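Undergrad: Okay, here's the prediction I keep looking at, along with the sequence it came from:
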Amino acid sequence: MRSLRVRLFVLLAAMTVLVWSSAAIWIYASTRAEVQRVLDRRLVEAAGMVASLATDAEDLLVQRPNQSRLVPLPHYSRQLSCQIWTLDGRLVGRSSGAPSQPLADGGSGFSERSISGETWRVYTIADPSRQIRVSVGDNLRVRQRLINDLMLGLLAPAIAGLVALAVLIWAAVGAGLAPLREVARLLARRDPSDFSELGIERPTEEIRPLIAAIDSQFARLEQLRADERHFIASAAHELQTPLAGLRAHADIASMTDDDATREKSLHSIRKSVDRTARLVGQLLDLSREESGEPLPLQWVSVKSVIEILNDEFSNDLRRADVQLTAASSVDGLNIRIAPASLVLALRNLLKNAVDHAPGGSSIEISAEQRDDCVALCIRDRGPGIPQNELGKIRGRFVRGARERGPGSGLGLSIVELVLSQVGGTLDLRNLPEGGFEAAILVNPNLTRWRKAVGRGRT
Amino acid sequence: MRILVIEDDEILFDAVRTGLVLEDFTVDAVDTIADAREAAASVDYDAVVLDIGLPDGTGLELLGEWRRAGNAVPVLLLTARNSTRDRIEGLDSGADDYLGKPFDLHELAARLRAIARRSKGNSTPALCWGDYTLDSASRELMRGGEAIALSRREFALLEALFEQPGRIFSRAQLEERLYGWQDDIGSNTVEVHVHKLRSKLGREIIQTVRGQGYKIARP
């Protein structure tokens, strides 16, 4: 049923009708029984009275037989019929309107008999001393009419009451649902960009969870939208700077007569394009990781991912004169994660390491058991991050104060996002002996060491 | 004209510096607020190009700090935050002009010349002295409809003198105006440029004030 009001109304009305009809049936049955009892007693009393007044059979026969000896009464004449018989079966008296056939067979007490279409309830007293039998009968049709009249008298106001009740129930349900209507009205009237609370004063108890849910949903949406706006604004902002660099160097290249200056500008343009491309790539990674379906987890060999990345970074490594080495501790290490996620996380961490590692040094990837997790560590010999910046460096578009490299400030938040999908975390620290360590921490249940079965196999 | 550029993005930093030098500015460039503070304390710049997002704070903070201290150096804000609200905020916090990224280098140069000129009380781009006209936009010195070719430094030197006729500039002040930190002064000293200018324009224009420096007479 589409309307809550109609639904409630139908339920309430059906239940009311059910209760009322049960009550009516009950009243009918008990009224009927009571009427029967009262009327039966009347029969008994009437028969008794007639019998006590009658003389004996011989006297009655002498007088005018077959004539009513009872006074006809105008209203009840049809209700009670009385017959006086001699014990040997002659009718000696009857009331007016009483049939001439015997109302009862021989014997005394209650009996019922049909006489020319009418059913009679009869009480009979036999008096052997006076040789008479007195039968007093009630027409059952009349009895039924009496019961029907009684029931009608009860039901007519009840039906009128039911109609009145229906109107009242309809109105009451409407009034009861007013808070819901208020919520619906507020929601319908609301500006799509309005995420404030509904602001219903003193909400009813039943509606409070609904309002709370709506309000919290709005708050979440608002936060989400604010985050998204901030992200888009930051992304656009981050793109403006390399674009400005591109534009300015293009201006210089077309302005200058000096070949060296032009060559330098063209080089800067290439660098700026690379950087912009990297930023765009990271933005895409980020949005994919944030909005995409979670990728299926599988056991991924860390060693094989390192080999993939080693290939990918071979140019950068050569240019920076940096070696990438994997410690023996990562041999056979498998992590349960989506392969693309692990590649993405390690790629971003490696990129940072390559950008900061001094020439001639090496970047070492190793694995170790820590308190309650397994750590996959990437260590470089670079200058590290000032201690006061370690806390905020993970934020989006946040770059170190002394950071002049090509980074966008997105890498670490991508790593964190990827790791969060398997409950992993990122630990960053400056090494006491110099250099920097970025460690991927994962639950030991998600890692296992397999016997090294050869390079590159998972 | 000596300009301080405060920009933290390596590539843009490089581009603005190179571009402004091509536009005949003398450019010092730094990439943090701390360095900018130091530079502004030691050199009297004609204008400053200030990026808003800097690693150790925002350009607006530095600008506020300067304005509160009474430093009225003309400042052009250079920023990626390009909404109207950002511009209003920038201009209200004491900036003289505002340029959103990405920008045209020529426009940056023209705006810098304009705010520097206005700060010295000149509303026209040309400086006149006698029958000489020095056009800082077209980088030309005209005398009675005839152009006189000047080198970059000669132009800058003459521009300094023309801006404030009658003021005596010490050799150090002129050097500061002509050379950035990166520039190798070498043998091209102020004396050499004065000598060349005198040979082009005649001896009488630039006067030597013994023991103090150079000036041009009030017209």
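TA: Yep, it's here.
Undergrad: which is the next helix or strand following the lowest-mean-pLDDT helix or strand in chain A?
TA: Of all helical and strand segments in chain A, the minimum by mean pLDDT, DSSP states H and E falls on helix A:57-62, at a mean of 67. Where DSSP states H and E defines the elements, the next helix or strand beyond helix A:57-62 is strand A:80-86.
Undergrad: which helix is the longest one in chain B?
TA: helix B:105-119 (DSSP state H).
Undergrad: so where is chain B shaky, pLDDT-wise?
TA: Applying pLDDT under 70 to chain B flags the ranges B:123, B:185-188, B:219.
Undergrad: residue ranges of the strands in the stretch 151-300 of chain A, please?
TA: For the stretch 151-300 of chain A, the strands defined by DSSP state E, counting those that start in this stretch occupy A:298-301.
Undergrad: how deep is the nearest residue to residue B:143 once chain neighbours are set aside tucked in, by neighbour count?
TA: Closest residue to residue B:143 apart from its sequence neighbours, by C-beta to C-beta, 6 or more residues apart in numbering or on different chains: residue B:132 at 5.3 Å. Glycine gets a C-beta too; all of them are placed from N, C-alpha and C. Per other C-beta atoms under 10 Å in any protein chain shown, the neighbour tally for residue B:132 reads 19.
Undergrad: Tell me if I'm right that residue B:132 and residue B:141 touch.
TA: Yes. Between residue B:132 and residue B:141 there is a contact at 6.4 Å, judged by C-beta atoms under 8 Å.
Undergrad: Let me know the secondary structure of residue A:100.
TA: Under DSSP: H, G, I helix; E, B strand; the rest coil, residue A:100 falls in the coil class.
Undergrad: try residue B:45
TA: Applying three-state DSSP: residue B:45 is coil.
Undergrad: I'd like to know how many residues surround the residue nearest to it when sequence neighbours are not counted.
TA: Computed as C-beta to C-beta, 6+ apart, the closest residue to residue B:45 that is not its neighbour in sequence is residue B:4, at 4.6 Å. As a burial measure, residue B:4 scores 22 neighbours (other C-beta under 10 Å).
Undergrad: any idea how far residue B:49 is from residue B:4?
TA: 7 Å (C-beta to C-beta, to the nearest Å).
Undergrad: What about residue 149, how many residues nearby?
TA: With no chain named, the answer covers chain A. Residue A:149, neighbours per other C-beta under 10 Å, totals 10.
Undergrad: I was thinking of chain B, sorry if that wasn't clear
TA: For residue B:149, the count of nearby residues is 9 (other C-beta under 10 Å).
Undergrad: Could you do residue B:151 as well?
TA: By other C-beta under 10 Å, neighbour count at residue B:151 equals 14.
Undergrad: ditto for the one 3 residues further on
TA: Counted with other C-beta under 10 Å, the burial measure for residue B:154 works out to 20 neighbours.
Undergrad: Look up which helix or strand it falls in, please.
TA: Element membership for residue B:154, per DSSP H and E: helix B:152-163.
Undergrad: Other residues contacting that helix?
TA: Here helix B:152-163 makes contact (C-beta atoms under 8 Å, 6 or more residues apart in numbering or on different chains) with B:1, B:24, B:26, B:120, B:122, B:127-129, B:132, B:134, B:136, B:139, B:141, B:150, B:169, B:174, B:177-178, B:188, B:190, B:193-194, B:196-197, B:200, B:206, B:214-216.
Undergrad: Can you name the residues bridging to the residue nearest to residue B:45?
TA: residue B:28, residue B:48 (DSSP bridges).
Undergrad: So it is in contact with residue B:39, correct?
TA: Yes. Here residue B:4 reaches residue B:39: they are 5.6 Å apart, a contact under C-beta under 8 Å.
Undergrad: Name the residues of chain B found near chain A, please.
TA: Residues of chain B found near chain A (C-beta under 8 Å from any C-beta of the partner chain) are B:8-12, B:14-16, B:18-19, B:22, B:31-32, B:53, B:55-56, B:78, B:80-82, B:100-106.
Undergrad: roughly how far apart are the residue nearest to residue B:45 and residue B:78?
TA: 12 Å.
Undergrad: Residue B:59 now?
TA: 8 Å.
Undergrad: quick one: contacts for residue A:247?
TA: By C-beta under 8 Å, 6+ apart, the contact set of residue A:247 is B:102-104.
Undergrad: With respect to chain A, which of those residues is nearest?
TA: Looking at the contacts of residue A:247 and their distance to chain A, the nearest is residue B:102, at 3.8 Å (C-beta to the nearest C-beta).
Undergrad: got a list of what that closest one touches?
TA: Residue B:102 is in contact with A:240, A:243-248, counting by C-beta under 8 Å, 6+ apart.
Undergrad: Angles on the backbone of it, please.
TA: phi -80, psi 160 (degrees, to the nearest 10).
Undergrad: repeat for residue A:137
TA: According to degrees, to the nearest 10, residue A:137 has phi -130, psi 150.
Undergrad: can you count the residues close to it?
TA: 29.
Undergrad: thinking it is in contact with residue A:119, fair?
TA: No. In this structure residue A:137 lies outside contact range of residue A:119 using C-beta under 8 Å: 9.5 Å.
Undergrad: mind listing what residue B:80 touches?
TA: Taking C-beta under 8 Å, 6+ apart as the test, what residue B:80 contacts is A:236-238, A:240-241, A:244, B:52-53, B:100-101.
Undergrad: Keep only those of these that are in helices.
TA: Going by DSSP H, the helices hold A:236-238, A:240-241, A:244 from the contacts of residue B:80.
Undergrad: Restricted to helices, list the residues of chain B next to chain A.
TA: Using DSSP H, those in helices are B:10-12, B:14-16, B:18-19, B:22, B:105-106.
Undergrad: Please pick the buried ones from the residues you listed.
TA: The neighbour count (16 or more other C-beta atoms under 10 Å in any protein chain shown) marks B:10-12, B:14-16, B:18-19, B:22, B:105 as buried among those.
Undergrad: Tell me which residue lies farthest from the centre of chain B.
TA: Distance to the chain centre peaks in chain B at residue B:85, reaching 28.1 Å (criterion: C-alpha atoms, centre = their mean).
Undergrad: Tell me how far it lies from chain A.
TA: 12 Å (C-beta to the nearest C-beta, to the nearest Å).
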